[in-house]
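In: pasting the sequence and the predicted model now:
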Amino acid sequence: MRVFPVILVAEGDFLTHEMQHNAVGRLFASHFGHPVDIVHTDSGAPYIPEFDGFISVSHCATAVAVAISDRPVGIDVESPRYHKMRRVANKFISSSESLVTDIDSPTALAATWCAKEAIYKLHGGELFRTHVEIPFPLFKHILTIKHAIKYTLAIAEIKDF
């Protein structure tokens, strides 16, 4: 049976690293009904030892997001920092993507950044710029992107065929 990812988000005006860490713990505890231990693989991917599903975690200065699923999932959340993204766009947008991505649009830039990060996490570390192409992964991925005032969020899953 297919269970769609559970996405939990906590947001604030400014979250310190300690606040982000605590929020991640609270989000997982609210889902599982008790605190859980989160450990990391050698590559840095988080997992819960007693849970046979999949999780993904992301945090930024204004939000924390976790995804919980019965299948591999990737999540990314970013604060609105479009000026920085614009300055480094050539590092994460390939030449073919530059033809279809409006790098002067804060929404398009944030969506592309978050989608690539989520797909990167889903696949466990493929090269960010050269192997994760937007919009081409839509043929094999389900991408969900949400824009809010304090953050942009992307969730990536493998599409069933």
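Out: Noted; the coordinates are in hand.
In: flag every buried residue along stretch 28-44.
Out: Neighbour-count burial for stretch 28-44 flags 28, 36, 38 (criterion: 16 or more other C-beta atoms under 10 Å). (Glycine included, C-beta is placed from N, CA and C.)
In: ok, residues contacting the lengthiest helix in the chain?
Out: For the chain, the helix with the greatest residue count under DSSP state H is helix 106-123. With contact meaning C-beta atoms under 8 Å, 6 or more residues apart in numbering, helix 106-123 is reached by 45, 56, 58, 72-78, 80, 82, 85-86, 89, 92-93, 97, 101-103, 126, 128-129, 132, 134, 137, 141, 143, 145, 147, 152-158.
In: in this structure, where is pLDDT below threshold?
Out: For the chain, the stretches with pLDDT under 70 are 1-4, 99, 125-139, 161.
In: if we go to 50?
Out: Along the chain, the parts satisfying pLDDT under 50 run over 1, 127, 129, 161.
In: ok, which stretches of it are strands?
Out: 6-11, 39-40, 46-47, 54-59, 63-69, 73-78, 141-147, 152-158 (DSSP state E).
In: closest to the centroid, which residue in the chain?
Out: Nearest to the geometric centre of the chain sits residue 76, at 1.7 Å (C-alpha atoms, centre = their mean).
In: what about the closest residue to that residue other than its chain neighbours, distance to residue 93?
Out: Distances taken as C-beta to C-beta, 6 or more residues apart in numbering place residue 117 nearest to residue 76, at 3.5 Å, with adjacent residues excluded. Distance from residue 117 to residue 93, counting by C-beta to C-beta, to the nearest Å: 13 Å.
In: return the residues in contact with the nearest residue to residue 159 once chain neighbours are set aside.
Out: Using C-beta to C-beta, 6+ apart and skipping residues adjacent in sequence, the residue nearest residue 159 is residue 142, 5.2 Å away. If you count contacts by C-beta under 8 Å, 6+ apart, residue 142 has them with 156, 157, 158, 159.
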